[in-house]
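**Q** 3D, please:
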Amino acid sequence: AIFKLIESFNAIDERELHKSFNMGIGFVLCVNEEDVDPIIKALIEMGERAYEIGYVTSGGEGCCLR
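**A** A predicted model of the protein is given here:
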């Protein structure tokens, strides 16, 4: 909700907002596809909140926000 509020001020470009505030994502692990489910399970068992948020592909320069 806080990101929508900041965005509503129209003082910061959307792309810059995402870069500056990390879209609310606190910590990211990049793992092999076959390790996703066991790692998420292990993190949840340790009391953490864990989600699959995307994947890495080859392609052009930069990042595509969806």
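
**Q** how far does stretch 52-66 sit from its chain's centre?
**A** Distance, stretch centre to chain centre, for stretch 52-66: 11 Å (C-alpha atoms, centre = their mean, to the nearest Å).

**Q** now do that stretch: everything it contacts.
**A** Residues external to stretch 52-66 that are found in contact with it (C-beta atoms under 8 Å, 6 or more residues apart in numbering): R15, H18, I25, V28, C30, E33, V36, I40. In this view, the C-beta of every residue, glycine as well, is placed from N, C-alpha and C.

**Q** do stretch 18-30 as well
**A** Contacts for stretch 18-30 (C-beta under 8 Å, 6+ apart): F3, I6, I12, I39, I53, V56, L65.

**Q** what sits against the third one?
**A** Counting by C-beta under 8 Å, 6+ apart, I12 makes contact with I6, S20.

**Q** remind me which residues of this structure are low pLDDT?
**A** Within the chain, the stretches with pLDDT under 70 are 22-24, 63-66.

**Q** show me what contacts V36?
**A** By C-beta under 8 Å, 6+ apart, the contact set of V36 is E52.

**Q** end to end, how far does stretch 27-39 reach?
**A** End-to-end distance of stretch 27-39: 14 Å, with C-alpha to C-alpha, to the nearest Å as the criterion.

**Q** before we move on, what about stretch 28-46?
**A** Using C-alpha to C-alpha, the end-to-end distance of stretch 28-46 comes to 16 Å.
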